[in-house]
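1. here is my input, please return the structure:
(one chain, ligands or ions: 1)
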Amino acid sequence: MAAEYENLINSLIKDGFLVRPEITEAFRAIDRADFVPDEFKAEAYLNVPLSIGFEQTISQPLTVAFMIELLEPKIGEKILEIGSGSGWQTAILSRIVSHNGASALGKIIGLERVDELKEFAEKNIGKYGFIGKEVAKIIKSDGSKGFKEEAPFDRIIAGAASKGDVPEIWKKQLKIGGRIVAPVNQSVFVIDKIGKNKYNKKEYFGFSFVPLVKG
Ligand code: SAH
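-> Numbers count the residues shown, from 1 in each chain. Have a look, this model is predicted:
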């Protein structure tokens, strides 16, 4: 691994953003440089968002670490990701739920509305074999509607911000005992489904995300 990437990961550990061993291991295994456009390779290990075109960004490493730690993904789980963008987070989650791509374990369904980004993510994730092994799947779809074909999900994570609250349909498509981690306005919401129509909500303030575009 590049020394600069090791430095980035060590600073995320030191600052308390990366905590769990399986999440830290997945960050190490999935090199961010494989998910940024060629012109930004030199900046891949900076703790900043970078352009991936179409007015979208690969998220800041700090934010991806923070949100995956809140999500608490486990091996064998089925997770819906809304707005897969570069596919970096998709690949990190794939590693965690499948234990390095072993098939017939967990599954990540990534939804992306921009055709070219779907292809970009597939190419990037493909470098790690998760698509061939059917651990990761990217679908061109409006994530604000969730994805009923594969529901219910153990967990749902979004990379683009809803206004006011998360779409109600995400809560319906979540298993009881499951969790949503999603940006809403300038915050990250953590929503736990504790009963059929019962939810607990926590809010973490002070983030910046691209908007969830409906339709
Ligand atoms: N974690 C990703 C973040 C990408 S930015 C990464 O690090 O690369 C958010 C993504 O959400 C963008 O690719 C954008 O096109 C997508 N998006 C926005 N609204 C969407 C919607 N309604 N359905 C699916 N994808 C959406």
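2. how about the residue most central in space within the chain, phi and psi?
-> The residue lying closest to the centre of the chain (C-alpha atoms, centre = their mean) is Q89, at 4.1 Å. Main-chain dihedrals, Q89, degrees, to the nearest 10: phi -60, psi -40.
3. over to L111?
-> According to degrees, to the nearest 10, L111 has phi -110, psi 130.
4. returning to that earlier point: nearest residue to the residue nearest to the centre of the chain in space, ignoring adjacent ones along the chain?
-> Distances taken as C-beta to C-beta, 6 or more residues apart in numbering put V64 closest to Q89, at 5.3 Å, once the chain neighbours are dropped. Every residue, glycine included, has its C-beta placed from N, CA and C.
5. using CSV, write out every CA atom in the helix or strand harbouring the one you found.
-> Using DSSP states H and E, V64 maps to helix 61-71. Taking Å, rounded to 0.1, in the frame of the first residue of the first chain, the C-alpha atoms of helix 61-71 are listed here in CSV:
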residue,chain,number,x,y,z
PRO,A,61,-12.5,9.7,3.6
LEU,A,62,-13.4,11.0,7.1
THR,A,63,-17.2,11.0,6.2
VAL,A,64,-17.1,7.5,4.7
ALA,A,65,-15.3,6.2,7.8
PHE,A,66,-17.7,8.0,10.1
MET,A,67,-20.8,6.7,8.3
ILE,A,68,-19.6,3.1,8.0
GLU,A,69,-18.7,3.0,11.7
LEU,A,70,-22.3,4.2,12.4
LEU,A,71,-23.7,1.6,10.0
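6. can you name the residues in contact with it?
-> For helix 61-71, contacts defined as C-beta atoms under 8 Å, 6 or more residues apart in numbering pick out 8, 12, 15, 17-20, 23, 27, 32, 47, 49, 79, 88-89, 92-93, 96, 155, 157, 179, 181, 188, 190, 204, 207.
7. quick check: mean pLDDT of it?
-> Averaged across helix 61-71, pLDDT comes to 98.
8. just checking, next helix/strand downstream of that helix?
-> strand 78-82.
9. quick one: the helices in this protein?
-> 3-14, 21-29, 61-71, 88-98, 115-126, 168-172 (DSSP state H).
10. who are the packing partners of the first one?
-> Helices and strands touching helix 3-14, by 3 or more C-beta pairs under 8 Å, 6 or more residues apart in numbering; DSSP states H and E, are helix 21-29, helix 61-71.
11. buried residues, it. List them.
-> Neighbour counts over helix 3-14 (16 or more other C-beta atoms under 10 Å) mark 5, 8-9, 12 as buried.
12. sweet, I'm off.
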